[in-house]
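1. Kindly return the folded structure for what I paste below:
(2 chains)
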There are 2 protein chains.
Amino acid sequence: MNNSYFLDIAENLKPNLIESTVYPISEVEIISDKNSLHGWKVNKIGEIKSLNKRSFDTNESFIVDFGDHNVGYLNLKINSTGSPQDAPLRLKLTLGEVPCEIAEPHENYNGWISRSWLQEEIINIDILPCNLTLPRRYAFRYLKIEVIATSQKYNVQFEEISCTTVTSANTCNITPLPESLDKDLIKMDKVAIKTLQDCMHLVFEDGPKRDRRLWIGDLRLQALANYYSIKNYDLVKRCLYLFAGLPEDNGQIGACLFLEPKLLVDDTVLFDYSLFFVSILHDYYLETKDESTLNDLWPMALKQIELALSRVDETGIVKDAEGWWNFTDWHPDLNKQTPAQAVLIYTMKQGKVLSEILNDESSTKYLEENIKFISNAALEYLFDEEKGVFTSGKEKQISWASQAWMVLAEVFTKEENSKLLDRLFKINPKINMITPYMYHHLIEALIISDKKEKALELIRSYWGEMLKDGADCFWELYNPQNKFESPYGSNLINSYCHAWSCTPTYFIRKYFI
Amino acid sequence: MNNSYFLDIAENLKPNLIESTVYPISEVEIISDKNSLHGWKVNKIGEIKSLNKRSFDTNESFIVDFGDHNVGYLNLKINSTGSPQDAPLRLKLTLGEVPCEIAEPHENYNGWISRSWLQEEIINIDILPCNLTLPRRYAFRYLKIEVIATSQKYNVQFEEISCTTVTSANTCNITPLPESLDKDLIKMDKVAIKTLQDCMHLVFEDGPKRDRRLWIGDLRLQALANYYSIKNYDLVKRCLYLFAGLPEDNGQIGACLFLEPKLLVDDTVLFDYSLFFVSILHDYYLETKDESTLNDLWPMALKQIELALSRVDETGIVKDAEGWWNFTDWHPDLNKQTPAQAVLIYTMKQGKVLSEILNDESSTKYLEENIKFISNAALEYLFDEEKGVFTSGKEKQISWASQAWMVLAEVFTKEENSKLLDRLFKINPKINMITPYMYHHLIEALIISDKKEKALELIRSYWGEMLKDGADCFWELYNPQNKFESPYGSNLINSYCHAWSCTPTYFIRKYFI
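-> Numbering: from 1, shown residues only, chains lettered A, B, ... in the order given. Here you go, the predicted structure:
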């Protein structure tokens, strides 16, 4: 049941993509080194100018480094040397955001999502010279070219290699940070903005390598980072109207959208993600005061709360379930009940802000009552008085996520929240956080509980550690204790430029300057 | 030193390609069977209609049979089934003219020409459904599609598979053979014409799978077959002007031409191939009486004879050499000296026919003298009186090729030639013939020596045997004693539709109806 009024507004907000041409900066080798990320170290071994003049025979190969993360289209100017080209040229191209994607044989990949995400191509070229622009978009810093076959009579020369990058982010007018700010934060802000920029295309994508879709959980954090840096309000508006225009049959906002082959909502729905529609609308309105959008989309936002409340039992607790019903974090053992309860309270409070602005009294009353009911239930059934922490699920699991989200839901006072967070760090539950997405929420929880120093310490120990590991953009999943960890069973298919990891620029610019 | 007058004429004769759409006729399996060609047997296992409805998951595959040899572009209409396509689709396509190309792993290929000729593609498709037309031209009957990766959420359906065939051969007006003709010859004629048709594109190609170039040795036989079947005189004329317009620096006609990226003569020159320019012009004029072309190209033809004579020593013998200086046949141990001497005589005689038509008296005299000189030298130095056969090279090698070509050169009378051929079959030299190209010349030698029955027997035992082995078109190399033999060290890279193998239609239509 698409809403064509909403979709027309979204279509009119479709951004132009800004193109630039970038060139590799050096020829490199990638060698085994146990002190480097995933055990791979990059060494410069030559200049691009001399590479462009070299001839390559069957079974020869090289790797180039573009110097930074890029999202775009690969251009190859290829020529033959020797006799006329008497057989097709067969090449294998491998593109990687990080060195392991180049160094580790893709044949060994055994993760649980499709190996088609591994960025590799085998191409046959019948006619040389050629100016080839590959049709697919890649996200990469490193490119390996293997010459699978020339012939006995000719070799091959790569006269020019470049990437036509694309983004809808105009980064020209970003406010410079004060020079007095610590250097590490300046660098972290830059990498965070690059992450956001490389995820901004026709929509806010979750990751430009994979899966290149508009996910609402990512959108919420991208929008926040965007308000403090690139300030592309229209792209947030467009994404809000796209979600509103493509609900599931029951009116629920889907977890993600496809743009191709046609606009389509995925069959994945997540409890927290649907509620974040309220949150994104709330943040967008407070930032822009765009009343027309608020008026248009408020009924869809309210609908998400109503649908979420229908999952609440008579005691006021969100019903738990097996499987992938609520996101929160990628931790495989995390129970989602209490985080879901907290997200419901958090978003109802944001909804109430909007209903008051709209003078929607019946909704305000409805939300007030439910905030009270659900919050009290949380305190009564989910808070363990003895241990002083929230538990989750039948097994009464204690997790970082439950505490962080309950702080954000503000069921306690600021003082009590501060103590809860102290206890959290002391207890240090085994069920930890593994995504930047979840770290974001803990850091926000610390900040609203007047623990800015602790928050900054955590930002530095998490995103700062990624920088030390050579991040050009921030990653989908990062576990400082196990740097091989990925959400999909292989470090080859982590996303090394991932939207939900871009929020250091939000924290730095909102709270630390 | 291109001749732009000649090249302009050639350009104006560029043919239009005729397109047709063909569809696979069944799903097949290819199984090991020692009684079938290369040990592979094809069994029908299903209908295309039901295949089009099936869904395929990661690691599933199928093979379709198009029912006949095709040259053209592959079209795939692909859709996803299940959830929306949440990851690229990765496919491997393998195309084969004969079953071994599908059944044998290409990884095992160890021939000496480029493995890039193996017809395989790995393609990544980001958006389904799609109507995909692959950009490269293939020559094939069988297509294997392997699904390397879908995702856990979707499978893939091949709703329609087709091939847009291309040829410049209009086969509508070919004279039907008399119904009284033996069935095997009717079938052989059909397959020969299909071979010719599938090699006719913007020029006469040697093979549509590989190497797709205009080779003069192939052109000579294609033109002969063409005069008795498809009758596309302009394409022969175009190819003559192309060769004449693109000589080597010394004026010699090259062995082959490239059309892309621009018209270019290859750096391969062969003694016999350059001389065949005379032969093709001779045959073309006799067929068409096109005086303008004869006038234009006669100087280039004469030049080839002059250049060839400059290789003759003072005794009148063509100087022998190591390496690939003269073609004759693919037999690795064949000495080429005597066949080259014979081709020189053969083409000088054809040249003399043309010089007489042109009333070019000085050339006629020049040719007469040289025919006599070179023929006498052949008899004096190359004919072994005792054994009654021609020998070749320092080692005085006795080969089938030397005798066949000397008969075609008509250095003896018809009666003596007939006896020479009798002795040849009796002696049965170890250095035999391995290409249809060389068989053609022996058969022509038999026919002009009044041995039509023996010729027909040989046609049947050679091309007829290919038919029994399942040939849809005739092949580049066929050794009935070793059916795995290929000119390039692997049966995977024999060309199974090869121009020089198309002459049964010429023999049947000229001599046997």
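
2. rest of the way, CA atoms for contacts and neighbours
-> Will do.

3. ok, and the closest non-adjacent residue to the residue in the stretch 1-150 of chain A that chain B sits nearest to?
-> Going by Cα to the nearest Cα, chain B is nearest to A:Ser114 of the stretch 1-150 of chain A, at 4.9 Å. Spatial nearest neighbour of A:Ser114, chain neighbours left out: B:Ser151 (4.9 Å); criterion: Cα to Cα, 6 or more residues apart in numbering or on different chains.

4. Burial check on the residue of the stretch 1-150 of chain A closest to chain B, number of neighbours?
-> 23 (other Cα atoms under 10 Å in any protein chain shown).

5. wait, it sits on B:Ala149?
-> Yes: using Cα atoms under 8 Å, A:Ser114 makes contact with B:Ala149 at a distance of 6.1 Å.

6. So which bits of chain A are right by chain B?
-> Within chain A, the positions near chain B by Cα under 8 Å from any Cα of the partner chain are A:83-84, A:86-90, A:113-117, A:121-124, A:126-129, A:136, A:148-152, A:211, A:260-261, A:266-267.

7. can you tell me the average pLDDT over whichever helix in chain A runs longest?
-> Assignment by DSSP state H gives helix A:337-357 as the longest helix of chain A. Per-residue pLDDT values across helix A:337-357 average out to 98.

8. What is that helix packed up against?
-> helix A:271-288, helix A:291-309, helix A:361-377, helix A:400-409 (3 or more Cα pairs under 8 Å, 6 or more residues apart in numbering or on different chains; DSSP states H and E).

9. mind listing what the strand or helix carrying A:Asn75 pairs with, with the direction of each?
-> A:Asn75 is part of strand A:61-82, with elements assigned from DSSP states H and E. Partners of strand A:61-82 in the sheet, by DSSP bridges, are strand A:26-32 (antiparallel), strand A:130-133 (antiparallel), strand A:138-149 (antiparallel), strand A:154-167 (antiparallel).

10. what would those look like in TSV with mean pLDDT and mean neighbour count?
-> Converted to TSV, the strands paired with strand A:61-82 look like this (pLDDT from 0 to 100; neighbours: other Cα atoms under 10 Å in any protein chain shown):
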stretch	mean pLDDT	mean neighbour count
strand A:26-32	98	18
strand A:130-133	98	14
strand A:138-149	98	23
strand A:154-167	98	20
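
11. what's A:Ile45 sitting at in phi/psi?
-> Main-chain torsions, A:Ile45, degrees, to the nearest 10: phi -130, psi 0.

12. number of nearby residues for it?
-> Residues contacting A:Ile45 under the criterion other Cα under 10 Å number 13.

13. list the contacts for the spatially closest residue to A:Trp112 that is not a sequence neighbour?
-> Nearest non-adjacent residue to A:Trp112, counting by Cα to Cα, 6+ apart: A:Tyr488, 5.6 Å away. By Cα atoms under 8 Å, 6 or more residues apart in numbering or on different chains, the residues touching A:Tyr488 are A:Gly111, A:Trp112, A:Ile113, A:Asn494.

14. what's the most distant pair in those residues?
-> A:Trp112 and A:Asn494 (11.7 Å; Cα to Cα).

15. of the two, who's got more company?
-> Shown here are A:Trp112 and A:Asn494; by other Cα under 10 Å, A:Asn494 has more neighbours (24 against 13).

16. so that one touches A:Leu477, yeah?
-> Yes: using Cα under 8 Å, A:Asn494 is in contact with A:Leu477, at 6.8 Å.

17. and for these two, which residues touch both?
-> A:Ser486, A:Pro487.

18. Pull the contacting residues for A:Glu444.
-> A:Glu444 neighbours (Cα under 8 Å, 6+ apart): A:Leu408, A:Ala455.

19. tell me which element it is part of?
-> Using DSSP H and E, the element containing A:Glu444 is helix A:436-448.

20. And the next helix or strand past that helix?
-> With DSSP H and E, the next secondary element past helix A:436-448 is helix A:452-468.

21. Model confidence for A:Gln397, exactly?
-> Value listed for A:Gln397 in the pLDDT field: 98.

22. What about it, how many residues nearby?
-> Other residues close to A:Gln397 by other Cα under 10 Å number 19.

23. Residue ranges in chain A under the pLDDT threshold?
-> Applying pLDDT under 70 to chain A flags residues A:1.

24. Give me the distance between the residue of it most remote from its centre and B:Asn70.
-> Farthest-out residue of chain A from its mean C-alpha position, per Cα atoms, centre = their mean: A:Ser83, at 49.2 Å. Going from A:Ser83 to B:Asn70 by Cα to Cα, to the nearest Å gives 30 Å.

25. same check, this time on A:Ser180
-> 71 Å.
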